[in-house]
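A.B. asks: next comes the sequence, and after it the predicted model I'd like to discuss.
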Amino acid sequence: MRDVARIAGVSIKTVSNVMNDYPYIRPTTRQKVLDAIAELDYMPNLSARSLRSGRSGVIGLIIPDLRNAYFAELADAVMRAASTRGLAVLIEQVGGDRESELAVLRGPRSRMVDGVLYSVLALDQNDVGVLEEIGTPIVLLGERIFNGPTDHVTMANIAGAKAATEHLIAIGRRRIVALGAHEGEVIGSAGLRLSGYREALGAAGIAYDDRLVRHAGTWHRHDGAAAMRMFLADSVEFDALFAFNDTLALGAMRVIQEAGLRIPQDVAVIGFDDIDETRYSLPSLSTIAPGRHEIAEKAIDMLLECIDDRDGALAPREVETAFDLVVRESTGGAAPHQDA
């Protein structure tokens, strides 16, 4: 720091203020310090800095499964948003297992970071006390825990699922398969998306048919393929498919086409998540884009506010991000621009 100060022609205190993003510094002075840091390739000692400031500059991200493209792309969005704020991200994968989630929350790494973004999958309302135990600022992502003691960023699951189903109805489909339900689930992505599906059917005067609702324990391609094979074996009439995520849809589409059915002429298909692969599938997949980048940006900003809220004055907040209906070839839309 002394060398940086000498080259920039400022005090060591000014260098420290620039590194800690102190707001009241003239832009020309800030730039001199940044130029000197770049010239010297100076890397601060984060361990010492953490001891002095009580901050590590690192946040945690707990997600269920990086094999799921949605969570992998969410992690990328979080890392990009964090980088613009000078933060590093420590990622923990818990596999959607309750004991693994509890172990990570109660483990030492959750106390080594300034705050945690936590995409809940296995815990429920009865586990909210765990969030208070650890003493680290947390922002929840997803739907699992409502009315908890922490901030919560969620997507419009019901409205998005309703829009997806309404789109299929609008193009003339009436026998719409809902793929990805979880037995008995109400709070959670599967339960909420099933509710949106049912709302759209009811609003259109279409009777709900249990035979068209298919369960999938996990939401990977092989689950979508297996569920669709079982459905086709039951010989239930259908003309559309709403898959509760894109990977289920992609697996199901392969089986539909292997059976000699055309997409979208015989079966229109729509997913949920707008993962990158949906632009490149054949046909390209219509989907609901849940505002992944908005989720990352809002969650990090809320987490930083929680980290700064040393007195606990902030009341827990809940934010629902916007979504978009993306119409592609699988429901009769145009092929996307591959550079989009």
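C.D. replies: Received, thanks.
A.B. asks: can I assume residue 89 is in contact with residue 78?
C.D. replies: Yes: contact criterion C-beta atoms under 8 Å: residue 89 and residue 78 qualify, at 6.0 Å. No exception for glycine: its C-beta is placed from N, CA and C like everyone else's.
A.B. asks: state the number of residues packed around residue 26.
C.D. replies: Residue 26 has 9 neighbours, counted by other C-beta atoms under 10 Å.
A.B. asks: same question for residue 214.
C.D. replies: Count around residue 214 with other C-beta under 10 Å applied: 23.
A.B. asks: bridge partners for it, pull those for me.
C.D. replies: Beta-bridge pairing of residue 214, defined through DSSP bridges, involves residue 179.
A.B. asks: what's the separation between it and residue 243?
C.D. replies: Using C-beta to C-beta, to the nearest Å, residue 214 is found at 9 Å from residue 243.
A.B. asks: would you list every one of the strands in the stretch 201-340 of the chain?
C.D. replies: In the stretch 201-340 of the chain, the strands defined using DSSP state E, counting those that start in this stretch lie at 213-215, 240-243, 268-270, 287-289, 318-320, 324-326.
A.B. asks: returning to what we had before: any common contacting residues for residue 214 and residue 243?
C.D. replies: Counting by C-beta atoms under 8 Å, 6 or more residues apart in numbering, the residues touching both residue 214 and residue 243 are 179, 180.
A.B. asks: re the thing from before, JSON lines for the strands of the stretch 201-340 of the chain, including distance to residue 26 and mean pLDDT?
C.D. replies: Formatted as JSON lines, those follow (distance: least, C-beta to C-beta, whole Å; pLDDT from 0 to 100):
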{"stretch": "strand 213-215", "distance to residue 26": "62", "mean pLDDT": "97"}
{"stretch": "strand 240-243", "distance to residue 26": "55", "mean pLDDT": "98"}
{"stretch": "strand 268-270", "distance to residue 26": "53", "mean pLDDT": "98"}
{"stretch": "strand 287-289", "distance to residue 26": "42", "mean pLDDT": "98"}
{"stretch": "strand 318-320", "distance to residue 26": "35", "mean pLDDT": "91"}
{"stretch": "strand 324-326", "distance to residue 26": "42", "mean pLDDT": "97"}
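A.B. asks: figure out which of those is closest to residue 297.
C.D. replies: strand 318-320 (10.7 Å; C-beta to C-beta).
A.B. asks: show me what the lengthiest helix in the chain is packed against.
C.D. replies: Longest helix in the chain by number of residues (criterion: DSSP state H): helix 292-308. Applying 3 or more C-beta pairs under 8 Å, 6 or more residues apart in numbering; DSSP states H and E, one finds that helix 292-308 contacts helix 69-83, strand 115-119, strand 138-141, strand 151-154.
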